[in-house]
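# Below is the sequence, then the predicted model.
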Amino acid sequence: MSVSKSIKIPAYLRNKFIIASAAFVIWIGFLDRNNLLSQFQLQSEVNKLESQKAFFRSEIDKTREEQRELLSSPEKLEKFAREQYLMKKDNEDLFIIKDENEAAQATKKKEK
């Protein structure tokens with residue numbers, strides 16, 4: 001007396017289309033070069049770059065506004081040139097006073 005037990009597999013697991021579809025989903029979801037994890041990483045990078053783009057657009061707008069202000073008035077242009085580029089008139093002497101802490105930090109930055 002030989003007892004043979006056969007395992008009954010449900011009909012939906014024997015269907016070749018279901019098996020092919022499951023294999024396709026597993027392949028695309030986890031094994032492919034463009035899997036879900038890489039898509040998530042790429043999307044987070046896109047979001048980061050878009051935020052940087054917005055930041056730099058706002059900085060460009062600020063700079064353009066400053067440029068308009070400088071070009072609209074000779075007094076403002078002169079003030080900017082004196083402060084930023086240490087320019088002076090011919091009959092003036094210019095004295096630059098630096099804080100010791102600033103000088104030390106600048107030296108450390110140059111060493112790096």
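Nice, thanks for sending it over.
# Flag the shaky bits of this protein, pLDDT-wise.
Applying pLDDT under 70 to the chain picks out residues 1-4, 103, 106, 108-112.
# how near is E75 to A81?
The spacing between E75 and A81, counted by C-beta to C-beta, to the nearest Å, is 11 Å. No exception for glycine: its C-beta is placed from N, CA and C like everyone else's.
# now the strands: where do they sit in this structure?
Taking DSSP state E as the criterion, the chain carries no strands.
# all helices of it, in order?
11-14, 16-26, 36-72, 74-85, 100-111 (DSSP state H).
# Let's have the ones you listed in TSV, adding distance to E92.
As requested, the helices of the chain are exported to TSV (distance: least, C-beta to C-beta, whole Å):
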stretch	distance to E92
helix 11-14	91
helix 16-26	77
helix 36-72	21
helix 74-85	10
helix 100-111	24
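# will you turn those into TSV that also has mean neighbour count and distance to L94?
As requested, the helices of the chain are exported to TSV (neighbours: other C-beta atoms under 10 Å; distance: least, C-beta to C-beta, whole Å):
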stretch	mean neighbour count	distance to L94
helix 11-14	9	87
helix 16-26	10	73
helix 36-72	10	21
helix 74-85	11	9
helix 100-111	9	18
